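Undergrad: Fold the following.
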Amino acid sequence: MVDKIAKVPIIEFRAPPSHKEGLEVLDLGNFYKKLPRCSFDPGKPHRITYYCFIYITEGEGRHFIDFKYHSFKKGSFIFINKNQVHAFDISSQAKGKMINVTDEFFDMILTNVRLPFFAPTYFLNSYTPVFDLSPALAATCSSLLYEIEKTQLRKSCEPLFPQLIFSSLLVALGEERKNNMEHLSEAQVARFNHFLILITQEYRQTRHAQDYANMLGVTYKSLNQLCKIACDKTAKQLIDSYIILEIKRRLVIDSLQVQEVAYQLGFDDVTYFMRFFKRHTKLTPSKFKACSYS
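TA: Numbering: from 1, shown residues only. Model (predicted):
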């Protein structure tokens with residue numbers, strides 16, 4: 001269980017020099033053995049600045065991601081986005097692999113490998129965090145991760161090789177995990193992904209969907225239509241959802257006061273900020289903060 005916490009650490013990608021390309025595959029058993037030497041407690045919420053994928057080969061439990069517990073079992077694949085807050089279920093001692101990936105590695109993939117309908121933000125934001133693999137895909141996943149680990153054991157390796165293997169893993173996962181995004185053209189997927197990225201960059205400056213439409217060079221109506229097709233939500237709902245999540249993070253994760261969070265996120269009127277939060281959560285910011293992790 002995640003206990004009440006005062007402040008959550010921010011964890012950077014810290015793979016060994018041999019993994020300098022920005023891709024690291026860790027065995028969960030070895031990860032547990034290293035816990036006594038860890039500078040933070042992975043069993044408690046921490047924010048990561050990279051992408052994390054966890055493949056469960058044995059065991060079951062619950063992984064904590066952004067204020068929610070998500071059940072996993074043998075054959076589950078867990079997706080944690082950059083800047084999300086998560087915590088491991090250490091007590092489960094589940095077996096499997098953890099794959100840590102940086103923005104730079106994804107950039108190299110997109111430069112060297114042509115992947116249909118792919119961008120990390122789209123891939124992770126378009127689905128629930130836990131996905132159960134079919135037996136066939138589980139076998140494929142295990143084989144590809146084994147090949148990636150082999151490349152990391154070599155003293156020298158062509159950088160394109162792990163990119164190609166990891167790309168194959170993403171394509172295999174994407175094929176089995178299709179949703180309504182598959183009905184979009186490649187240009188529409190790119191625009192939707194750009195919109196998601198803009199929200200993470202501009203949410204402090206604006207909460208208006210029209211402003212984002214202007215940044216994208218499209219009409220408000222077309223942006224709304226795109227969002228509805230992609231995830232069955234309006235542009236405004238996506239913007240507000242991200243802002244509410246960031247408010248929760250700052251209230252609980254960073255232990256900031258209500259007024260401080262309001263001003264940091266661009267709310268000039270604290271009273272309006274409190275109404276905005278309560279409208280979406282049914283709780284005042286103070287009540288939410290008091291209830292969190294209890």
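Undergrad: worst-scoring helix or strand of the protein, pLDDT-wise?
TA: Between all helices and strands in the chain, the lowest mean by mean pLDDT, DSSP states H and E belongs to helix 120-125, at a mean of 48.
Undergrad: ok, and what's touching whichever helix or strand comes after it?
TA: The helix or strand immediately downstream of helix 120-125 is strand 130-132, counting by DSSP states H and E. Contact with strand 130-132 is made by His63, His70, Ser71, Phe72, Lys73, Gly75, Ser76, Phe77, Ile78, Phe79, Leu173, Arg177, as judged by C-beta atoms under 8 Å, 6 or more residues apart in numbering. C-beta: built from backbone N, CA, C; applies to glycine.
Undergrad: switch the cut-off to 7 Å
TA: His70, Phe72, Gly75, Ser76, Phe77, Ile78, Arg177 (C-beta atoms under 7 Å, 6 or more residues apart in numbering).
Undergrad: can I get those residues in TSV with distance to Phe31?
TA: Below are those laid out as TSV (distance: C-beta to C-beta, whole Å):
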residue	distance to Phe31
His70	19
Phe72	15
Gly75	19
Ser76	16
Phe77	17
Ile78	14
Arg177	25
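Undergrad: Any buried residues in stretch 246-256, and which?
TA: Glu246, Ile247, Lys248, Arg249, Arg250, Leu251, Val252, Ile253, Leu256 (16 or more other C-beta atoms under 10 Å).
Undergrad: now the closest residue to Phe88 other than its chain neighbours: how far from Leu28?
TA: Closest residue to Phe88 apart from its sequence neighbours, by C-beta to C-beta, 6 or more residues apart in numbering: Pro42 at 4.7 Å. Applying C-beta to C-beta, to the nearest Å, the value for Pro42 to Leu28 is 11 Å.
Undergrad: Quick check: next helix or strand after the helix or strand hosting His280?
TA: Assigned by DSSP H and E, His280 falls within helix 270-281. Counting by DSSP H and E, the next helix or strand C-terminal to helix 270-281 is helix 285-291.
Undergrad: Can you spell out which helices and strands pack onto that following helix?
TA: With contacts defined as 3 or more C-beta pairs under 7 Å, 6 or more residues apart in numbering; DSSP states H and E, helix 285-291 has these neighbours: helix 270-281.
Undergrad: how far is the helix it packs on from where the chain is centred?
TA: 25 Å (C-alpha atoms, centre = their mean, to the nearest Å).
Undergrad: Now do the buried residues in it.
TA: For helix 270-281, the neighbour count (16+ other C-beta under 10 Å) marks Phe273, Met274, Phe276, Phe277 as buried.
Undergrad: hang on, the earlier thing: okay, now the residue nearest to Phe88: neighbour count?
TA: Pro42 sits with 19 neighbouring residues when counted by other C-beta atoms under 10 Å.
Undergrad: and Ser241, how far is that from Cys231?
TA: Note on Ser241: its distance to Cys231, by C-beta to C-beta, is 10 Å.
Undergrad: can you tell me which of the buried residues of stretch 246-256 are in helices?
TA: Filtering the buried residues of stretch 246-256 for membership in helices, criterion DSSP state H, returns Glu246, Ile247, Lys248.
Undergrad: Contacts only, for the second one.
TA: Residues in contact with Ile247, defined by C-beta under 7 Å, 6+ apart, are Val261, Leu265, Phe277, Pro285.
Undergrad: one more time with 10 Å, if that's ok
TA: Applying C-beta atoms under 10 Å, 6 or more residues apart in numbering to Ile247 gives the contacts 256, 258, 261-262, 264-265, 267, 273, 276-277, 280-281, 285, 288-289.
Undergrad: Check the last one too.
TA: Neighbour list for Lys248: Asp66, Phe67, Val85, Val261, Phe277, Thr281, Pro285, Phe288, Lys289, Ser292 [criterion: C-beta under 10 Å, 6+ apart].
Undergrad: Looking at the ones in helices among the buried residues of stretch 246-256, which is nearest Gln188?
TA: Using C-beta to C-beta, the shortest approach to Gln188 within these belongs to Glu246, at 26.1 Å.
Undergrad: pLDDT score assigned to the closest one?
TA: Confidence at Glu246, expressed as pLDDT, is 89.
Undergrad: May I see the ChimeraX selection of the buried members of the contacts of strand 130-132?
TA: Buried residues among those (16+ other C-beta under 10 Å), as a ChimeraX selection:
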select :70,72,75,76,77,78,177
